[in-house]
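Engineer: just the structure for this:
(one chain, ligands or ions: 1)
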Amino acid sequence: MKSPVLLITAGPTREPIDDVRFLSNGASGTLGIEVASAAQAKGWEVHLALGPVHLIPPEGVIHHPFTTACELEQIAVELWPRVDAMVASAAVCDYRPAERIAGKRKKSGEDWNLTLIRNPDVLAGRGAQKEDEWGQRVLVGFALEADQSEEEARRKAVNKRLDLVLCNTPDNLGTAMGDYVWIEPGEPAVKLLDVAKRDLAVKIVEFIGTRVASRRCDRAFNGE
Ligand code: CTP
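Structural biologist: Sure thing, here's the model as predicted:
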């Protein structure tokens, strides 16, 4: 059977205010890179859309660098027809400045109110296109909740049509280990405390491998 094709989004987005300043967050891309390594070790075709971080993509992985959420959206839309599964670990800024000021904005005596406009939700957009003539994709997302609310994570899983959601907190940003809640819609939640991101990545890749294989079997059985 053909190896799965996996798209991973990882790292932060940067939304420019002017040529010097930007809005962003502290995501490091660590978990996404671990998922890319684990999938690559299994011989899968791995596309890693990686935001501006210091980490280097693993060898053999196809690297798609991005800076802004709109650039990430474009990468995901272009790759979509060829992927079997997507892991959305990027910390995408939900808003961007309404305009990018050319050069460096000078300060004045007045306060400065920035107007922010909505960015695309990359994962929700793909959830809306989950099935098409190329089959049904496996979607894995994260729910970054300050209070690790299981209810909110389940709501995101339904809205974005996820097969698996991992609930985590801002404490996990940039670390090698973390606390997660593993939630497959319709199943009880499983707490993973102080788990190494490398081990979590292996579990995620195993989950995707099983789901992709069973969907391919269903399609073969239905004569598609
Ligand atoms: N995500 C995305 N594009 C966005 C926002 C989020 O692809 N513009 C993805 C993230 O990669 C993550 C999931 O959606 O897998 C949930 O992200 P999260 O920040 O927890 O939630 P939001 O949907 O942005 O909602 P809120 O910020 O209101 O909690």
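Engineer: which other residues reach the biggest helix by length in the chain?
Structural biologist: Longest helix in the chain by number of residues, with DSSP state H as the criterion: helix 197-221. Helix 197-221 is contacted by residues 1, 4, 6, 30-31, 34-35, 37-39, 42, 44, 84-85, 87, 135-136, 138, 140, 163-164, 166, 175-178, 180, 182, 192 when judged by CB atoms under 8 Å, 6 or more residues apart in numbering. No exception for glycine: its C-beta is placed from N, CA and C like everyone else's.
Engineer: show me which residues of this protein are close to the ligand?
Structural biologist: 9, 69, 88, 90, 92, 94, 119, 121-123, 141-144, 156 (CB under 6 Å from any ligand atom).
Engineer: buried subset of those residues, written for ChimeraX?
Structural biologist: Command for ChimeraX, covering only those of the residues of the chain next to the ligand found buried under the criterion 16 or more other CB atoms under 10 Å:
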select :9,69,88,90,92,119,121,122,123,141,142,143,144,156
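Engineer: what's opposite the spatially most central residue of the chain in the beta bridge?
Structural biologist: Residue closest to the average C-alpha location in the chain (CA atoms, centre = their mean): residue 88, at 1.6 Å. Residue 88 forms beta bridges with residue 9, residue 141, as assigned by DSSP bridges.
Engineer: ok, it - contacts?
Structural biologist: When contacts are counted by CB under 8 Å, 6+ apart, residue 88 touches 9, 122-123, 126, 139-142.
Engineer: show me the strands in this protein, by range?
Structural biologist: For the chain, the strands defined by DSSP state E occupy 5-10, 15-16, 22-23, 45-50, 62-65, 85-88, 95-97, 116-118, 131-132, 135-136, 138-144, 164-168, 177-183, 190-196.
Engineer: my read: residue 127 touches residue 139, true?
Structural biologist: Yes - using CB atoms under 8 Å, residue 127 is in contact with residue 139, at 5.9 Å.
Engineer: anything in contact with each of those two?
Structural biologist: Common neighbours of residue 127 and residue 139 (CB under 8 Å, 6+ apart) are 160-162.
Engineer: please tabulate the residues you listed in JSON lines, including the columns distance to residue 221.
Structural biologist: Output for those, formatted as JSON lines (distance: CB to CB, whole Å):
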{"residue": "160", "distance to residue 221": "28"}
{"residue": "161", "distance to residue 221": "23"}
{"residue": "162", "distance to residue 221": "24"}
